[in-house]
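**Q** Need a 3D model of the sequence below.
(one chain, ligands or ions: 2)
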Amino acid sequence: MPNHGDWQLGVYLDGLTGKVPEHPMAYAELERRAERSMPPELWSYVAGGAGDERTQNANVTAFDRWGLMPRVLAGAAERDLSTELFGHRLPTPLMLAPVGVIGLCDLAEGRGDLVTARVAAATGVPMIASTLSQDPMEEVARELGDTPGWFQLYPPNDRELTESLVRRAEAAGYSAIVVTLDTLTLGWRPRDLSIAGFPQLKGQCLANYFSDPVFRSRLAAPPEEDPEAATGHWAMIFGNQRLTWDDLAWLRSLTSLPLLLKGICSPEDARRAVDSGVDGVYCSNHGGRQANGGLPALDCLPEVVDAAGEVPVVFDSGVRSGPDVIKALALGARAVAIGRPAAYGLAVGGRAGLEHVVRCLLAELDLTLAIDGYASTAALTRGDLRPVR
Ligand SMILES: Cc1cc2nc3c(=O)[nH]c(=O)nc-3n(C[C@H](O)[C@H](O)[C@H](O)COP(=O)(O)O)c2cc1C
Ligand SMILES: CCCCC(=O)C(=O)O
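**A** Ligands and ions are numbered 1, 2, ... in the order given. Purely as a prediction, here's the structure:
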């Protein structure tokens, strides 16, 4: 476990470890620098969202409608940021959301999945490894050290392949399976469609498929010999729009690892998930990448938390700062994940850049708690927030 001390107050005073040459970055600056660093097709894919991106933007501004009530003389000289999930005590409530093509965001070497896992190992911030990675899940898992990793599953429309991916994740040592349900087909993403972002990139993030014995058994020639045909086969099996709640018992039966469903925004769905025996609900609208015109994910969080009852809720979509993490926790999330900020950190500064983003976020989270008089993230409640008028 990393020592809290290295990212608590001192982190500001020692220049944030000196690994990234400049000062702590506000999100807007990180985003600007990422845009300057990334090739246009990668930038458009990562930064883009569905439609005119109103929902994506609303995910971010939703946090402005809540304010944390500052308290004084509250005994917050030492803070406990830890959280418990599925028997693991995590040093902080932050997680790294699954990001396909994170590999390519490591602009120097294209090994971003491995680099992200190394940052997870160094910071104790768990990584949720995407199905769509440049390097096979087994190699990613080996980099995680003692930090837990979860495997994010896109369930293909091939049950045997789905089972094979889950078996591999178990064998590789992942400690939970996150099934993403809001991307059973890809969203209407104008930036991608006009600049061919994802279509250009997709062949490079299929390592988990190309290394899979079941996937390989479906091909006339191995992917190394005929990558185009293998990619074509992937395109046939990726989408799984016919998946329904009737398939959940089967999904549940695939593993005894903790199972989470990602992409839950409706309280009815949260209730149904819990009734189906899942261990965690992951409230997210995929960072606004899938459907435009929906609700900001943060607005859905309280009802999802209420519906989930004792079952823990993980949250992402629009988290950009330490105070954002605090607000999501106060609204009931047990852990809070970041997607684009991590990808941008990697693009701007490789391993040091991602670590910088993580440490800045944790330092800001911790300082905010210190100043506003909250000694424990686990003790935050909705009553600590007020609507901003
Ligand atoms: C470039 C990119 C790729 C993503 N790939 C995946 C993925 O493979 N699996 C998944 O469940 N979510 C994926 N997501 C969604 C993230 O897990 C997360 O829900 C979202 O990024 C959170 O919103 P934020 O970017 O505003 O933090 C991706 C997001 C981005 C930006
Ligand atoms: C089929 C690609 C899905 C990756 C993803 O989740 C995203 O781009 O948001």
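**Q** alpha carbons only for contacts and neighbour counts from here, please
**A** Fine.
**Q** which residues touch the residue lying closest to residue 70 once chain neighbours are set aside?
**A** Spatial nearest neighbour of residue 70, excluding adjacent residues (Cα to Cα, 6 or more residues apart in numbering): residue 372 at 4.3 Å. Listed by Cα atoms under 8 Å, 6 or more residues apart in numbering, the contact partners of residue 372 are 68, 69, 70, 71, 72.
**Q** Buried ones from those, can you make that a ChimeraX selection?
**A** This is the ChimeraX syntax for the buried subset of the contacts of residue 372, where burial follows 16 or more other Cα atoms under 10 Å:
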select :68
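**Q** one step back: okay, the residue nearest to residue 70: pLDDT?
**A** Per-residue pLDDT puts residue 372 at 97.
**Q** Counting neighbours, what do you get for the residue in the stretch 51-200 of the chain positioned nearest to ligand 2?
**A** Residue nearest to ligand 2 within the stretch 51-200 of the chain: residue 100 (5.2 Å; Cα to the nearest ligand atom). For residue 100, the neighbour count with other Cα atoms under 10 Å is 22.
**Q** Then the one 10 residues further on?
**A** Number of residues near residue 110 (other Cα under 10 Å) recorded here: 18.
**Q** Checking residue 326 next. Helix, strand or coil?
**A** Secondary structure, DSSP: H, G, I helix; E, B strand; the rest coil: residue 326 is helix.
**Q** again with residue 282
**A** Classified using three-state DSSP, residue 282 is strand.
**Q** Tell me how many other residues crowd it.
**A** Residue 282 has 27 nearby residues by other Cα under 10 Å.
**Q** With residue 224 instead?
**A** Neighbours of residue 224 under the rule other Cα under 10 Å: 9.
**Q** Confirm it sits in a helix?
**A** No - checked against three-state DSSP, residue 224 lies outside a helix; its state is coil.
**Q** So it versus ligand 1, what's the distance?
**A** According to Cα to the nearest ligand atom, to the nearest Å, residue 224 stands 23 Å off from ligand 1.
**Q** could you pick out which of the contacts of residue 372 are near ligand 1?
**A** Counting by Cα under 6 Å from any ligand atom, nothing from the contacts of residue 372 sits close to ligand 1.
**Q** Could you pull up the residues touching residue 147?
**A** 1, 120, 121, 124, 125, 126.
**Q** Now the nearest residue to residue 342 once chain neighbours are set aside: which helix or strand?
**A** Counting by Cα to Cα, 6+ apart, residue 342 lies nearest to residue 354, which is 5.8 Å off, once chain neighbours are set aside. Using DSSP states H and E, residue 354 sits within helix 340-372.
**Q** which element follows that helix toward the C-terminus?
**A** strand 385-387.
**Q** what are the pairing partners of that next one, and which direction each?
**A** The sheet places strand 385-387 alongside strand 66-68 (antiparallel), with pairing taken from DSSP bridges.
**Q** distance of the residue lying closest to residue 53 once chain neighbours are set aside from ligand 1?
**A** Distances taken as Cα to Cα, 6+ apart place residue 292 nearest to residue 53, at 6.4 Å, with adjacent residues excluded. For residue 292, the distance to ligand 1 equals 14 Å [Cα to the nearest ligand atom].
**Q** Was I right to think residue 292 contacts residue 51?
**A** Yes - the pair formed by residue 292 and residue 51 meets the contact definition of Cα atoms under 8 Å, at 5.5 Å.
**Q** quick one, what contacts the residue lying closest to residue 137 once chain neighbours are set aside?
**A** Excluding its sequence neighbours, the residue lying closest to residue 137 (Cα to Cα, 6+ apart) is residue 208, at 6.4 Å. Contacts for residue 208 (Cα under 8 Å, 6+ apart) come out as 131, 132, 133, 134, 135, 136, 137, 165.
**Q** Which strand or helix spans the fifth one?
**A** It stands for residue 135. For residue 135, there is no host helix or strand (DSSP H and E).
**Q** go on, the second one?
**A** Using DSSP H and E, residue 132 is not contained in any helix or strand.
**Q** OK, contacts around it?
**A** 99, 100, 101, 205, 206, 207, 208.
**Q** The nearest residue to the second one once chain neighbours are set aside and residue 208, how far apart?
**A** When the adjacent residues along the chain are set aside, residue 100 lies closest to residue 132, with 4.6 Å between them (Cα to Cα, 6+ apart). Per Cα to Cα, to the nearest Å, residue 132 is found 7 Å from residue 208.
**Q** any chance you could map the strands in the protein?
**A** For the chain, strands defined by DSSP state E occupy the ranges 66-68, 83-85, 88-90, 94-96, 127-129, 149-153, 177-180, 259-264, 280-283, 313-315, 335-338, 385-387.
**Q** Where among those strands is average confidence lowest?
**A** Among those, strand 88-90 carries the lowest mean pLDDT, a mean of 93.
**Q** and stretch 54-74, how far out from the chain's middle?
**A** Centroid displacement of stretch 54-74 relative to its chain, using Cα atoms, centre = their mean, to the nearest Å, is 20 Å.
**Q** buried stuff in that stretch?
**A** 54, 55, 56, 57, 58, 59, 60, 62, 63, 66, 67, 68.
**Q** want to throw the residues you listed into TSV with distance to residue 256?
**A** Formatted as TSV, the buried residues of stretch 54-74 follow (distance: Cα to Cα, whole Å):
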residue	distance to residue 256
54	39
55	35
56	34
57	37
58	37
59	33
60	35
62	36
63	36
66	38
67	40
68	38
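**Q** Include distance to ligand 2 when you put those into TSV, please.
**A** Below are the buried residues of stretch 54-74 laid out as TSV (distance: Cα to the nearest ligand atom, whole Å):
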residue	distance to ligand 2
54	16
55	14
56	12
57	15
58	17
59	15
60	17
62	20
63	21
66	27
67	29
68	31
